[in-house]
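Student: here's a sequence, model it:
(3 chains)
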Amino acid sequence: MKKSNISQKIGFFVISLCLIATLFFLGTILYFITVRGIRSISWEFLTKPPSGGMTEGGVSPAILGTFYLTIGAILFALPLGLACAIYLTEYTPKNIVVKILRISINNLAGVPSVVFGLFGLAVFVKFFNFGVSILSGSLTLGILILPGIISASQEALTAIPQSLREASLALGASKWQTIRKIVLPSSMPGILTGVILSIGRAAGETAPIIFTAAVFYMHGYPKSIFSEVMALPYHIYGLMTEGTSPEKQTQIAYGCALILMFFVLLLSAIAIYFRQKQRRVQHG
Amino acid sequence: MDNVVHIKVSKVNFFYGKTHVLKNISMDIYKNKVTAIIGPSGCGKSTFIRLFNRMNDLIPNTKVEGHIYLDGEDILLTKTDVVNLRRKVGMVFQKPNPFPKSIFRNISYGLEVNNIKDRKFIEERVIESLKKAALWEEVKGRLNDNALMLSGGQQQRLCIARCLTVEPEVILFDEPCASLDPISTKKIEELITELKKNYTIVIVTHNMQQAARISDYTAFLYLGELVEYGITEKLFTVPENPKTEEYLSGKFG
Amino acid sequence: MHRVRENIYKWVFAIMAFASIIFLVGITITLITQSFPLFREIPVKSFLLGKAWYPTYDPPEFGTFPLVAASVFVTFGALLVCVPLGIGSALYMNEIAGYRQKSLLKPLIEILASIPSVVYGFFGMVIVAPFIQKVFNLPTGLTAFTGSIVLGIMATPTVASIAEDALSFVPKSFREASLAVGANRWQTLIKVVIPSAGSGISTAVILGISRAIGETMTVLMVTGGAAIIPKSFFQPVRPMTSTIAAEMGEAVFGGLHYNALFAIGLVLFIITLFFNILAEFISNRYRLKLGAGR
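Tutor: All right, here's what the predicted structure looks like:
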């Protein structure tokens, strides 16, 4: 056999090992969280608040809290992000403006999540005096997911053929009518994909809400957007680092991790499935 | 012939970046006639007619000089209301571009954006336009189907119908048959001949036979210059400019 | 009439579009103003190079060197895991996998990239740490080593996905040209495909670094949290991110400790900003290069 063919065999073998190792590690995580987490899951676990000093009962306030924070983040980030994408693709500002915006968006996307937490603490919690609350947490998470929403929306908008815009304008539609009646409806699936991915991201983030919204335990459910909340990711962290009965708490944490992971993976699976389908349609 | 000037083009220059695309073009376009613009590809035909509804505004980095008068009003001024202009000057594009909506909504779109809400009126107007565009018989039972289900030729007639609902005075056709089969092309050509009774028509085509068949006037553009312009019959039989003759006899392009 | 309304819309969109700039600038200003009081008391030099981090002692010491060193340590370790695994997986998907296999693997990897970091941290605490403690016979399993492994696994899908994008950007003609002169697939991969995707792959690695340095929950939960300069991989450390997350709760608002934590945030922000700009710079050059190659 030729020497080069041996090196090809070895090379391909190593590459295959890398993939197998990657899938193995990720599979291990899925396996342990699922198998051990499923023991905790019950109707009571999903619908009851914790009891017995965080060792019994359910985690419903944490599930609800994560839901509130995520909805809040989307309500804040979607209008801003969509407007930014529309401005960039439909109003084609001057090159220099596009460049500045792109640099800011990219760099905002790279800011560590704990730094968003610091920003939220200094600005929303302290400066605007919203306190540790759903509002502060939602705004902080909203800024965190803003870049993702912008780029997904931008991708969706640029995928709309220019000929549709021309057709609309040529019929005497104004630019705004063209955007509202033609461009936005056609790009809605793509924008929704971005929104779904962002929901998953916001739901799983912990560091930004530690100082801005989340508490390990609270009595009852939040009453307004100025209330502090429990949240699933923070609850996992709390269960593992606070309290006095580690074994019982670890089991509850498994349950929380499973719910969180299942929810986030489901969302991203839906989003990625749709994205692939759309890309195929556009390329076919 | 009692010719009324509908559009007067006066010393128009057009620049794309530093490229001089249209060079000092002046010509008169007559009411209720079909005017064809011919020339080899890249000579600026499409760019030229896209000036009539200010479609080139969408392309960044362009500059236009000169005047185009529609009913005596200069439409190249910055203060021109392009939305109103485009309601007066309709356009049918090279590739059929129906909206991803139902057939009905495609046709009614032009009324919708004019804030017309009267449903009965809209319905009547949609049917009327479809009839004028010779599409009614083919789609009358399925107005709620998605327009993208139609064949290419039907889609192009749909685009014509869509343009008619707005009741423009002028219709611009930018190589409307470029992507169509011969039978569909014939239908569109018949339609154009029919439409000129009520509209002024300007059509860009790279197909000389087509220009000869349907137009009353023909303009020959070459490298951004208007080489020759006149009555179609005359231009095709006894061209004045040797370049026109060369082009018509297939020596270039 | 139309024009006035259209202009209003345009300006509304423009103003909203500028939000991202405002937030980026806002973050910068916040970090600077909130950490400024610290530097009136403590020179920048002893903040950056001081070897002791005892924020609650009297007098407190705010030397961040052990924290920065821990971040570098853990990030470096994570790279040793995620770069080979991520790039190897990308090469597999791009070169060995058939169309069907790839259209299954790529989305799978992308989906797995979305697992929240707190889940990784939790997994590291309950599964990886006890395992490592047992295998290496350590007093605790919560070490820099554990952090590196978990963080590395976490970053692998991201690196794999970005690197695969870069590989599939390489024009088919490059590959065909190499195969046509008799090179086999491996030689083509090593000599043609990887070099032409080189800057795209480096972008993937740099973004991986930036993500690993900035990652909080995983390291907070699995690295053990001792603020000492790391001497070995098998001891607990406290990287910058976990310091902020762990100590903000106990820091008094407006106190020096509070300011010091913002100062760490500032350092972190500058480091990640640097890497992001570097990644942007490289991928821009890459686009130019491939553009010219076509």
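Student: show me where the stretch 1-150 of chain A has helices.
Tutor: A:3-37, A:43-47, A:60-90, A:95-110, A:113-120, A:134-158 (DSSP state H, counting those that start in this stretch).
Student: what's the most buried one of the ones you listed?
Tutor: helix A:113-120 (a mean of 28; mean count of other C-beta atoms under 10 Å in any protein chain shown). For every residue, glycine as well, the C-beta is placed using N, CA and C.
Student: other SSEs contacting that one?
Tutor: helix A:134-158, helix A:207-210, helix C:19-41, helix C:198-214, helix C:240-247, helix C:256-293 (3 or more C-beta pairs under 8 Å, 6 or more residues apart in numbering or on different chains; DSSP states H and E).
Student: try 6 Å this time
Tutor: helix A:134-158, helix A:207-210, helix C:240-247, helix C:256-293 (3 or more C-beta pairs under 6 Å, 6 or more residues apart in numbering or on different chains; DSSP states H and E).
Student: ok, which of these comes nearest B:Asn3?
Tutor: helix A:134-158 (45.6 Å; C-beta to C-beta).
Student: so does that closest one get close to chain C?
Tutor: Yes. Contact between helix A:134-158 and chain C, assessed by C-beta under 6 Å from any C-beta of the partner chain, occurs at A:Ile143.
Student: quick one: contacts of that helix?
Tutor: Residues from elsewhere that reach helix A:134-158 (C-beta atoms under 6 Å, 6 or more residues apart in numbering or on different chains): A:68-69, A:72-73, A:76-77, A:81-82, A:84-85, A:89, A:105, A:108-109, A:116, A:120, A:124-125, A:130, A:187, A:190-191, A:194, A:198, A:201-202, A:208-209, A:212-213, A:225, A:229, C:23.
Student: again with stretch A:65-78
Tutor: A:134, A:137-139, A:141-142, A:145-146, A:149, A:199, A:202-203, A:229-232.
Student: rerun at 8 Å
Tutor: Applying C-beta atoms under 8 Å, 6 or more residues apart in numbering or on different chains, the contact partners of stretch A:65-78 are A:134-135, A:137-139, A:141-146, A:149, A:195, A:198-199, A:202-203, A:209, A:213-214, A:222, A:225, A:229-233, A:260.
Student: just the CA trace of it, in PDB.
Tutor: Provided in PDB are the C-alpha atoms of stretch A:65-78 (Å, rounded to 0.1, in the frame of the first residue of the first chain):
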ATOM      1  CA  GLY A  65     -40.200  32.900  37.000                       C
ATOM      2  CA  THR A  66     -38.100  31.700  34.000                       C
ATOM      3  CA  PHE A  67     -41.200  32.100  31.900                       C
ATOM      4  CA  TYR A  68     -41.800  35.700  33.100                       C
ATOM      5  CA  LEU A  69     -38.100  36.700  32.600                       C
ATOM      6  CA  THR A  70     -38.000  35.100  29.100                       C
ATOM      7  CA  ILE A  71     -41.200  36.800  27.900                       C
ATOM      8  CA  GLY A  72     -40.100  40.100  29.300                       C
ATOM      9  CA  ALA A  73     -36.700  39.800  27.600                       C
ATOM     10  CA  ILE A  74     -38.400  39.100  24.200                       C
ATOM     11  CA  LEU A  75     -40.900  41.900  24.600                       C
ATOM     12  CA  PHE A  76     -38.000  44.200  25.100                       C
ATOM     13  CA  ALA A  77     -35.600  42.900  22.500                       C
ATOM     14  CA  LEU A  78     -37.900  41.900  19.700                       C
END
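Student: quick one on the thing from earlier: B:Phe14 is nearest to which of the helices and strands packed on helix A:113-120?
Tutor: Of those, the one closest to B:Phe14 (C-beta to C-beta) turns out to be helix A:134-158, at 26.4 Å.
Student: how about B:Thr47: what's its closest non-neighbour residue?
Tutor: B:Val21 (5.5 Å; C-beta to C-beta, 6 or more residues apart in numbering or on different chains).
Student: how many residues are close by the one you found?
Tutor: Close neighbours of B:Val21, defined as other C-beta atoms under 10 Å in any protein chain shown, add up to 20.
Student: give me phi/psi at it?
Tutor: phi -90, psi -40 (degrees, to the nearest 10).
Student: tell me how far C:Ser285 lies from chain B.
Tutor: One correction, residue C:285 is Arg, not Ser. Look at C:Arg285 and chain B: by C-beta to the nearest C-beta, to the nearest Å, they are 25 Å apart.
Student: ok, that residue - contacts?
Tutor: Per C-beta under 8 Å, 6+ apart, neighbours of C:Arg285: C:Ser199.
Student: contact partners for the nearest residue to C:Pro55 once chain neighbours are set aside?
Tutor: Using C-beta to C-beta, 6+ apart and skipping the chain neighbours, the partner closest in space to C:Pro55 is C:His257 (4.5 Å). Residues in contact with C:His257, defined by C-beta under 8 Å, 6+ apart, are C:Pro55, C:Thr56, C:Pro60, C:Glu247, C:Glu250, C:Ala251.
Student: quick one: pLDDT of B:Met1?
Tutor: Per-residue pLDDT puts B:Met1 at 51.
Student: no, scratch that, I was asking about A:Gly81
Tutor: Confidence score, pLDDT, at A:Gly81: 95.
Student: and B:Ile201, what does it touch?
Tutor: Contacts of B:Ile201 by C-beta under 8 Å, 6+ apart are B:Lys33, B:Val34, B:Thr35, B:Val170, B:Ile171, B:Leu172, B:Phe173, B:Ile192, B:Leu195.
Student: that's a strand at it, yeah?
Tutor: Yes. The assignment for B:Ile201 by DSSP: H, G, I helix; E, B strand; the rest coil puts it in a strand.
Student: what pairs with it across the strands?
Tutor: For B:Ile201, the beta-bridge partners are B:Val34, B:Ile171 (DSSP bridges).
Student: how close does it sit to B:Ile49?
Tutor: 11 Å (C-beta to C-beta, to the nearest Å).
Student: which of the contacts of B:Ile201 count as buried?
Tutor: The neighbour-count criterion (16 or more other C-beta atoms under 10 Å in any protein chain shown) marks B:Lys33, B:Val34, B:Thr35, B:Val170, B:Ile171, B:Leu172, B:Phe173, B:Ile192, B:Leu195 among the contacts of B:Ile201 as buried.
Student: so the fourth one touches B:Val202, yeah?
Tutor: In this case it means B:Val170. Yes. With contacts counted by C-beta atoms under 8 Å, B:Val170 reaches B:Val202, the gap being 6.8 Å.
Student: which residues are in contact with both of the two?
Tutor: With C-beta under 8 Å, 6+ apart as the test, B:Val170 and B:Val202 both reach B:Ile7, B:Phe52.
Student: look up the closest residue to the residue of the stretch 51-200 of chain A found nearest chain C, ignoring the ones flanking it.
Tutor: Nearest residue of the stretch 51-200 of chain A to chain C (C-beta to the nearest C-beta) works out as A:Pro112 at 2.7 Å. Leaving aside its chain neighbours, A:Pro112 sits nearest to C:Gly214 (2.7 Å; criterion: C-beta to C-beta, 6+ apart).
Student: list the contacts of the one you found.
Tutor: Taking C-beta under 8 Å, 6+ apart, one finds A:Gly110, A:Val111, A:Pro112, A:Ser113, A:Val114, A:Val115, C:Thr241, C:Leu268, C:Thr272 in contact with C:Gly214.
Student: would you mind measuring from the most centrally placed residue in chain B to B:Ala211?
Tutor: Most central in chain B under C-alpha atoms, centre = their mean is B:Leu172, positioned 1.5 Å from the mean C-alpha point. Separation of B:Leu172 from B:Ala211 (C-beta to C-beta): 15 Å.
Student: before we move on, what about B:Leu148?
Tutor: 30 Å.
Student: more neighbours, the two?
Tutor: Per other C-beta under 10 Å, whichever of B:Leu148 and B:Ala211 has more neighbours is B:Ala211, with 25 against 13.
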